[in-house]
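[1] sequence first, predicted coordinates after that:
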Amino acid sequence: MAWPTWQQGAITALVCGIVALTVGRVRPAAKELSLMAGLYTLWRLARTLPLATDDGAIERARQIDDLQKWLHFPTELSLQHVSLDHEWLGRFLNYYYAILHVPVTVAFLVWMFVRHRDAYAHWRNGLAIVTGACLVIRFVRVAPPRFLTDLGYIDLAERFGMLIYGPVGTGVSDQFAAMPSIHVAWAAVVSLGIVSASTSRWRWVFLLHLVFTMLAVSATGNHWWLDGVVAIALLVGGLQIDNRVRRWRAAP
């Protein structure tokens with residue numbers, strides 16, 4: 001299924017904005033839909049900017065691999081081997097990567113808006129800031145592990161199905177924008193947001209979404225461990241920025 005175009009996103013943002021200005025009963029929801037559709041439009045438009053080239057992407061991927069070895073990180077390759085040896089695990093992580101990324105994030109935003117309106121804006125802003133930061137950093141090209149076939153990496157989706165990427169330069173996602181991982185960034189928003197906002201004793205279970213996402217992006221060969229670490233650091237920074245702005249605006 002094709003993703004909405006930036007034009008469709010812009011029209012949605014405009015229509016929802018008009019509704020927010022004219023229909024009082026649904027104004028809060030329409031305002032948020034207009035904002036999110038506007039952010040989606042900017043995200044799609046950013047992919048059309050002629051600022052990124054593929055030069056250096058493979059070399060930077062090798063540099064990240066060397067850095068992770070120096071830091072004694074477990075290799076993504078070892079996780080791929082485990083996933084290939086246990087087909088159920090490989091299929092689970094591959095489908096997790098391909099299917100749940102966007103629906104879980106959307107469900108989280110709806111849940112926060114309906115059940116925890118007081119905390120919603122903070123986590124929405126954190127999501128917007130970390131996504132914006134990822135879009136800026138993406139212009140420094142980095143290839144994912146699956147492009148380093150000489151080191152033994154494979155594309156797990158080619159083995160178990162659910163291919164979501166076409167040739168480089170096509171599709172909604174930029175395959176040479178591995179650093180940082182938007183998958184991990186959004187999963188961190190969901191998991192940490194639920195833990196922060198909810199009072200249920202079961203809220204800690206939702207940290208598994210972040211854990212599974214980290215494992216999935218690495219096992220599938222779509223991201224380096226550091227891609228996820230940087231994404232989480234950017235989210236923490238974005239939330240701190242939002243807190244400081246709020247304190248500044250509240251100051252007399």
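    Thanks, I have it. Numbering: from 1, shown residues only.
[2] list the buried residues in stretch 17-32.
    Residues of stretch 17-32 classed as buried by neighbour count (16 or more other CB atoms under 10 Å): 17, 19-20, 29-30, 32. Every C-beta, even on glycine, is put in place using the N, C-alpha and C of the backbone.
[3] no, scratch that, I was asking about stretch 86-100
    Of the residues in stretch 86-100, 90-98, 100 count as buried by neighbour count, 16+ other CB under 10 Å.
[4] what's in contact with it?
    Here stretch 86-100 makes contact (CB atoms under 8 Å, 6 or more residues apart in numbering) with 82-84, 156-157, 159-162, 164, 183, 209, 212-213, 215-217, 219-220, 222.
[5] swap the cut-off to 6 Å and go again
    For stretch 86-100, contacts defined as CB atoms under 6 Å, 6 or more residues apart in numbering pick out 83-84, 156-157, 160, 162, 164, 212, 215-216, 219-220.
[6] cool, stretch 235-252 as well?
    Contact with stretch 235-252 is made by 122, 125-126, 129-130, 185, 188, as judged by CB under 6 Å, 6+ apart.
[7] farthest-separated two in the buried residues of stretch 17-32?
    Using CB to CB, the pair of those lying farthest apart is 17 and 29, separated by 12.3 Å.
[8] show the average pLDDT along the helix or strand harbouring residue 133.
    Per DSSP states H and E: residue 133 is located in helix 117-137. Helix 117-137 carries an average pLDDT of 88.
[9] please enumerate the helices of this protein.
    Remark: helices assigned in the chain by DSSP state H are 6-22, 27-46, 57-70, 76-85, 87-99, 101-115, 117-137, 156-160, 182-197, 207-219, 225-250.
[10] identify each buried residue in the second one, please.
    Across helix 27-46, burial judged by 16+ other CB under 10 Å covers 29-30, 32-44, 46.
[11] same thing with the last one?
    Taking 16+ other CB under 10 Å as the neighbour-count basis, helix 225-250 is seen to contain the buried residues 225-232, 234-235, 238-239, 242.
[12] any idea how far stretch 233-246 is from the chain center?
    A distance of 17 Å separates the C-alpha centroid of stretch 233-246 from that of its chain, computed with CA atoms, centre = their mean, to the nearest Å.
[13] any stretches of the chain with poor pLDDT?
    Residues of the chain meeting the criterion pLDDT under 70: 1-4, 6, 23-24, 46-54, 162-174.
[14] outline the domain layout of it.
    Split into domains by automatic domain parsing, the chain comes to 1-46, 54-250.
[15] and among these, the most buried is which?
    Greatest average neighbour count among these goes to domain 54-250 (a mean of 18), per mean count of other CB atoms under 10 Å.
[16] residue contacts, residue 36?
    Not one residue lies near residue 36 by CB under 6 Å, 6+ apart.
[17] skipping adjacent residues, who's closest to residue 146 in space?
    In space, and not counting its chain neighbours, residue 146 is closest to residue 221: 3.2 Å by CB to CB, 6 or more residues apart in numbering.
[18] does the one you found touch residue 153 like I think?
    Yes. The pair formed by residue 221 and residue 153 meets the contact definition of CB atoms under 6 Å, at 5.1 Å.
[19] now the common contact residues for these two.
    145-146.
[20] save the contacts of stretch 86-100 as TSV, and put in distance to residue 137 too.
    Below are the contacts of stretch 86-100 laid out as TSV (distance: CB to CB, whole Å):
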residue	distance to residue 137
83	27
84	31
156	25
157	24
160	29
162	26
164	21
212	24
215	23
216	21
219	23
220	21
